[in-house]
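Trainee: below is the structure, and that's it, no one-letter string:
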Ligand code: AMP
Ligand code: MG
């Protein structure tokens, strides 16, 4: 059997979703298939044919979810404009949305065409794969299917569908939608989400406060993980913030090479709202919007909104504690404290603009890289300081990837497919990213950052 569906979302009020039909595709071609994920889902690989993965053969009627969101600060009513949930697959007690992205228009498409280019879906497949292997909670990609149509964006490309798997696609923005467009449903919806994602809270007498707190902590863990590996999400609108702390919507994302808190690559993020070093602040802002959507639940119950606001006031302390724990691990510092050393190290990173990923590897094993930055007296000095309290190899190895998807390698692999229909560089990159924490002498070239000029020009795009 392909999937084992039990789609609980359809039991919610009809204002929360629409029943939809994937577009017809004559000749769906499976370009990539994630066998490991197929195993994790307990699916019979033989049964998931191109017809199934492109939504041509269906077990039930797919849905598109309604949601809203603050996009670059402005509230907008949205919904899945080019995505459809085929169903909720249940395996070993775990529930996963099986979603098609790029499968045609929905009632929420507006003027959009409901399509996706093959390069953008390959890109999402690669980043979600890399993030999963980096140990970061993320959406996963089961397959990329190339369609028979052509899609016009900056250039014309074949269309594609990504089969995306998540615990759910419920976002902060889903709460914003329900609170503003279906307020009578807010309580039932919140109960549904708590049952689905935070069942341990079901019997709590401070359930909604605890729920807010749990979402905040899951989101903090997610963003701290991004900072650990140098990930820039690129479009942290509230509609792209998962209620379960899953990283998703790999659109204009990128990895930072040279340390720069202002690093931003997205073409439309002119003011750096979603820059690397702003992600913490934006998460806090997004959580404020999420909290507001829960406010109506606090009017007639024993819970007051002050209690949720008090949890929000803890954000700085929680984030700070998680951030320093993570940074200490990257520097191999086993004990608590040592904040000043972390801060001094960050000052050095800021002033040197060294490659973020490689610097930790060089700290661990001096002489790994030939970069003259590591031959300076300042680096020697900072290394000695860290060495006094840290540089525990075991700790460092778990926190510091050897390989990340370097921007120039990702682009090169995608270009090779678009121009030559050749996935060899893409597959080579996936191979290296399969074991990001294990050194592999043969793959040194995957560790080199691009020339600084590449990153200065590098631009990523939304709605591709
Ligand atoms: P994103 O920036 O990918 O999170 O997308 C923001 C919103 O735009 C979402 O509601 C998408 O469903 C919608 N959207 C993006 N691209 C398209 C498209 N080609 N057709 C229809 N809707 C789209
Ligand atoms: Mg989105």
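Mentor: Perfect, I can see it now. None of the values given here were measured: they were computed from a predicted structure. Ligands and ions are numbered 1, 2, ... in the order given.

Trainee: what are the boundaries of the helices in the stretch 201-350 of the chain?
Mentor: 207-229, 279-294, 305-313, 315-330, 339-352 (DSSP state H, counting those that start in this stretch).

Trainee: the inter-axis angle of the fourth one versus helix 305-313?
Mentor: For helix 315-330 against helix 305-313, the angle between stretch directions is 30 degrees (axes from the mean of the first three to the mean of the last three CA atoms, to 10 degrees).

Trainee: and helix 315-330, what does it pack onto?
Mentor: helix 207-229, helix 279-294, helix 339-352, helix 393-399 (3 or more CB pairs under 8 Å, 6 or more residues apart in numbering; DSSP states H and E). For the C-beta atoms, the positions are set from N, CA and C on the backbone; glycine is no exception.

Trainee: do the third one as well
Mentor: Helices and strands in packing contact with helix 305-313 are listed as helix 207-229, helix 279-294; criterion 3+ CB pairs under 8 Å, 6+ apart.

Trainee: do the same with the longest one
Mentor: If contacts are counted by 3+ CB pairs under 8 Å, 6+ apart, helix 207-229 sits against helix 186-197, helix 279-294, helix 305-313, helix 315-330.

Trainee: can I assume residue 80 is in contact with residue 106?
Mentor: Yes: look at residue 80 against residue 106 with CB atoms under 8 Å: they come within range, at 5.6 Å.

Trainee: need the overlap of contacts for those two.
Mentor: Among the neighbours of residue 80, those also in contact with residue 106 (CB atoms under 8 Å, 6 or more residues apart in numbering) are residue 64.

Trainee: on that earlier part again, need the helices and strands packed on helix 305-313 in CSV (columns: distance to ligand 2).
Mentor: Below are these laid out as CSV (distance: least, CB to the ion, whole Å):
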stretch, distance to ligand 2
helix 207-229, 15
helix 279-294, 13
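
Trainee: pull out the buried positions in the helix or strand bottoming out on mean pLDDT in the chain.
Mentor: One helix or strand of the chain scores below all others by mean pLDDT, DSSP states H and E: helix 452-457, with a mean of 93. Buried residues in helix 452-457, counted by 16 or more other CB atoms under 10 Å: residue 455.

Trainee: before we move on, back to that, now render the helices and strands packed on helix 315-330 as TSV, adding mean neighbour count, distance to residue 246 and mean pLDDT.
Mentor: Listed next are those as TSV, based on neighbours: other CB atoms under 10 Å; distance: least, CB to CB, whole Å; pLDDT from 0 to 100:
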stretch	mean neighbour count	distance to residue 246	mean pLDDT
helix 207-229	21	7	98
helix 279-294	19	14	98
helix 339-352	15	28	97
helix 393-399	15	20	97
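
Trainee: distance to residue 459 added to these, as JSON lines?
Mentor: Below are these laid out as JSON lines (distance: least, CB to CB, whole Å):
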{"stretch": "helix 207-229", "distance to residue 459": "20"}
{"stretch": "helix 279-294", "distance to residue 459": "19"}
{"stretch": "helix 339-352", "distance to residue 459": "24"}
{"stretch": "helix 393-399", "distance to residue 459": "30"}
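
Trainee: ok, which of these comes nearest ligand 1?
Mentor: helix 279-294 (13.5 Å; CB to the nearest ligand atom).

Trainee: ok, and the closest non-adjacent residue to residue 288?
Mentor: Computed as CB to CB, 6 or more residues apart in numbering, the closest residue to residue 288 that is not its neighbour in sequence is residue 312, at 6.5 Å.

Trainee: get me the contact residues on the chain for ligand 1.
Mentor: Neighbours of ligand 1 within the chain, by CB under 6 Å from any ligand atom: 78-83, 109, 112-115, 235, 239-240, 249, 251, 462-463.
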